[in-house]
Structures are given as C-alpha cells and as structure tokens.
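Novice: Give me a 3D structure for the following:
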Amino acid sequence: MKKINILGYTECQLIELFAQFGQKPYKGRQLFKWLYNKQIKSFDQMTDLSKDIRNELSEKYTIEGLRIANIAESSDGTKKILFNLSDNKPLESVLIPDGNGRNTLCISSQVGCALGCKFCATGTMGFIRNLTVGEIVGQLLAINKSFRSNVFSNVVFMGMGEPFNNYENLIEAIKIMISGNGLNISPKKITVSTSGVSPKIKKLADENLKVNLALSLHVATQGKRTRIMPIAETFKLDKLTEAIKYYTRKTDLPVTFEYIIFEGFNDKVEDIKALSKLIHGLKCKINILAYNEVDKLPFKRPSDEKVNWFGRELVKINIAVTIRKSRGQDIDAACGQLAAKVLTGEKNESD
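Specialist: Residues are numbered from 1 along each chain as shown. Prediction:
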C-alpha cells in the first residue's frame with residue numbers, strides 16, 4: 001500500500017489522525033510542531049512521541065518535501081528555484097534580496113494560471129492544477145533546507161497562479177505559516193496578491209488572518225484594464241474598489257496596488273490622473289515596477305527614466321509610492337518563464 005504524504009496536514013487534521021490511533025489531542029499538536037516548526041524529515045526524530053506511535057506513523061505515512069530541479073542565480077542575487085512536483089509538473093519560487101541580508105520569498109499557489117493576462121508568462125501555460133497545502137508550504141520548507149533556516153523575512157503570494165482560485169488550500173497554508181507551533185511567521189510578513197477576485201477579497205477579510213493584501217492593478221480604467229486582464233470583464237473596477245474598502249475597514253490594514261509599467265501603454269499623464277481618481281479615499285500605497293519582458297509577448301519594458309518620472313508625478317499629488325527595482329532580468333525573472341519553458345519542452349517531446 002502506497003504511503004500517504006503527511007506534509008500539508010493541518011493541526012486539526014493531525015489531531016483527528018491521532019484520535020483514530022486512540023491518542024489524546026496534544027499528540028497531534030506535537031506532530032504538527034515537529035513537521036513545521038522544527039521541520040523534521042523523519043518520524044524517528046520525533047522523540048516526544050512513543051516508539052509505537054512512530055512505528056505506526058511510519059507504516060502508513062511519509063514526509064515528502066519538494067524536490068528542487070534547478071536554481072538559477074542572477075547577478076543581483078535573486079534566486080529562481082524550479083521544483084519538480086511528484087507528478088513531474090514544474091513549480092517556481094523566487095528568493096529576492098531586500099538588502100541588509102534579508103530576502104523576500106515569492107511563492108506560487110497553482111501550476112499555470114487560468115486568467116490569461118496578456119503580459120504574463122504563467123498565463124501562456126494555461127491552468128494545469130492547484131497546489132496542495134503541502135506543496136504551498138513545502139516551498140518554504142524546501143528553501144529553508146536548501147539555503148539556511150529563516151533565509152527569508154517576508155513571504156508573498158505573487159508567483160504562479162491566482163491565489164484566490166485555490167482559496168481553501170491558500171487559507172490552510174497561511175494558517176500553518178502563522179501558527180506559533182507551525183512556521184511562526186508574523187501575518188504582517190505575509191502578502192497575498194490577487195488579480196482582482198472581488199468576493200474572495202471580502203472573504204479573506206472575514207477570515208481575520210490579518211495578512212497583507214496586494215492588488216495587481218496595472219491600469220486604472222475599466223476598458224484599458226480589460227484589454228490586458230480578461231478577469232476585469234467579470235470583476236469590474238467599481239466592485240474591486242468596494243471590496244478593497246471592505247478589506248481595509250475590516251482589517252485596518254492598507255492595501256498595496258501593484259502597477260507594472262508597460263512602455264507606451266499605461267505610462268502617460270492620463271494614466272496618472274485615472275490612478276489618482278481610482279484610489280482617492282482608499283487606505284493604500286502604490287508599488288510601481290518596470291515590466292520584465294517575456295518572449296513572444298508584445299509588451300515592452302519602459303526606460304528607468306520613464307518609471308522614475310511616473311513615480312515622481314504620483315508623489316506630487318500626495319500618493320504613497322514605492323518604485324520597486326526589477327530583479328533577476330538575466331535569469332528569466334518574470335513569473336512562470338522557467339516553468340513555461342519546461343512545459344514547452346514536455347509538449348515538444350510528446351509531439
């Protein structure tokens with residue numbers, strides 16, 4: 001009988017598991033702590049569980065982390081990690097240096113993506129499948145193991161996929177991350193980025209997890225946004241701003257608007273005016289970033305001068321702005337590029 005991978009089980013699931021063994025709930029909490037807090041890879045190392053329990057676990061379960069297939073390192077220190085999942089599908093995470101020895105870990109929630117944003121490498125893959133809870137959390141565990149413990153200070157769901165289209169697994173993974181017996185990451189250090197699934201923004205607010213929310217905006221007018229993000233046809237900007245207001249009221253946290261600048265598309269004075277109008281009265285800040293070009297997609301990277309000008313104009317009208325430096329351009333920095341190449345290779349081989 002094939003063993004079951006226990007990585008990804010929540011604290012409640014482990015407590016239920018031990019109840020089946022006739023054990024008390026605290027045993028499940030101990031196992032949860034061994035898996036995620038101490039990040040042990042073998043049941044034999046769980047010394048506060050009896051030998052009989054460890055043997056019973058070993059007979060039926062295994063602890064299988066993610067397998068790293070490749071690590072590409074940029075000249076700026078950015079590391080793109082390519083994983084090979086158990087079904088041989090590719091998955092990406094990116095470790096981005098913040099300075100002062102700190103790193104932000106950008107993780108994925110899906111293999112591929114169904115949204116089909118016109119500028120995104122992941123969108124060229126189409127949707128393949130959702131990640132399990134174990135695969136989401138497994139990205140953090142594998143990177144801690146491969147580099148060093150606590151190598152990252154912040155976690156952002158800005159990798160492959162739309163997190164809100166894998167909502168239940170997203171929430172369970174976040175609960176493991178923020179649990180004191182789990183990965184023990186402060187909710188303030190976790191950001192979930194969405195392309196704009198309005199109902200799930202409100203639902204996340206009601207979870208009371210107090211994680212940060214980012215919206216991939218990129219264009220502040222409905223018609224123009226629809227041209228590059230098909231999801232905008234379903235979740236329109238008026239409903240999005242309503243959901244953002246709800247989130248900020250419920251959590252008392254500002255929302256970050258991610259604004260990628262595409263040369264000649266969303267980088268003009270009228271775009272600044274539209275952005276100013278859209279965010280008026282919202283508790284928010286803006287991150288602007290130059291587009292990382294993707295092979296065979298039509299959008300072009302703007303000059304640094306254009307990006308800086310855009311930021312300065314926003315500051316002039318009292319908008320809180322951060323200009324984010326593009327990272328890892330020499331290692332296919334845009335989300336999904338390495339994974340897309342792997343999948344293209346698979347398809348070519350099967351032709």
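
Novice: doesn't residue 287 make contact with residue 260?
Specialist: No - here residue 260 lies out of contact with residue 287, judged by CB atoms under 8 Å, at a distance of 9.2 Å. Heads up, the C-betas are built off the backbone N, CA and C, glycines and all.

Novice: the more surrounded of the two?
Specialist: For residue 260 against residue 287, the residue with the higher neighbour count under other CB atoms under 10 Å is residue 260, and the figures read 25 against 17.

Novice: ok, the helix or strand containing that one: who's next to it in the sheet?
Specialist: Secondary-structure element containing residue 260, defined by DSSP states H and E: strand 255-261. Based on DSSP bridges, the pairing partners of strand 255-261 within the sheet are strand 212-216 (parallel), strand 284-290 (parallel).

Novice: Let me see the mean pLDDT of the longest one.
Specialist: Average pLDDT, strand 284-290: 95.

Novice: Also the first one?
Specialist: Throughout strand 212-216, pLDDT has a mean value of 97.

Novice: That one: what's the following helix or strand?
Specialist: Taking DSSP H and E as the definition, the helix or strand that follows strand 212-216 towards the C-terminus is helix 222-228.

Novice: coming back round to it: in a markdown table: the strands paired with strand 255-261, plus distance to residue 242.
Specialist: Converted to a markdown table, the strands paired with strand 255-261 look like this (distance: least, CB to CB, whole Å):
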| stretch | distance to residue 242 |
| --- | --- |
| strand 212-216 | 12 |
| strand 284-290 | 14 |
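
Novice: closest one to residue 125 among those strands?
Specialist: strand 212-216 (17.2 Å; CB to CB).

Novice: Next one, pLDDT for residue 167 please.
Specialist: Model confidence at residue 167, given as pLDDT, is 98.

Novice: That one in helix, strand or coil?
Specialist: Assigned with DSSP: H, G, I helix; E, B strand; the rest coil, residue 167 falls in the helix class.

Novice: what's the neighbour count on it?
Specialist: By the criterion of other CB under 10 Å, residue 167 has 18 neighbours.

Novice: Would you agree it is in contact with residue 202?
Specialist: No - counting by CB under 8 Å, residue 167 sits too far from residue 202 to count as a contact (11.9 Å).

Novice: and stretch 272-292, how far from the chain's centre?
Specialist: The offset between the C-alpha centroid of stretch 272-292 and the centroid of the whole chain comes to 21 Å, using CA atoms, centre = their mean, to the nearest Å.

Novice: mind saving the C-alpha coords of it as CSV?
Specialist: What follows is the C-alpha trace of stretch 272-292 in CSV, where atoms were taken according to Å, rounded to 0.1, in the frame of the first residue of the first chain:
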residue,chain,number,x,y,z
ILE,A,272,-1.7,59.1,-13.6
LYS,A,273,-4.9,61.0,-13.4
ALA,A,274,-7.0,57.9,-13.7
LEU,A,275,-5.0,56.2,-11.0
SER,A,276,-5.3,59.2,-8.7
LYS,A,277,-9.1,59.2,-9.2
LEU,A,278,-9.4,55.5,-8.6
ILE,A,279,-7.6,55.3,-5.3
HIS,A,280,-9.0,58.6,-3.9
GLY,A,281,-10.1,57.9,-0.3
LEU,A,282,-8.6,54.4,-0.1
LYS,A,283,-6.2,53.4,2.6
CYS,A,284,-3.4,52.2,0.2
LYS,A,285,0.0,52.6,-1.3
ILE,A,286,1.3,52.0,-4.8
ASN,A,287,4.2,49.9,-5.9
ILE,A,288,5.4,50.7,-9.4
LEU,A,289,7.7,48.4,-11.4
ALA,A,290,9.1,48.2,-14.9
TYR,A,291,7.8,45.3,-16.9
ASN,A,292,10.1,42.3,-17.3
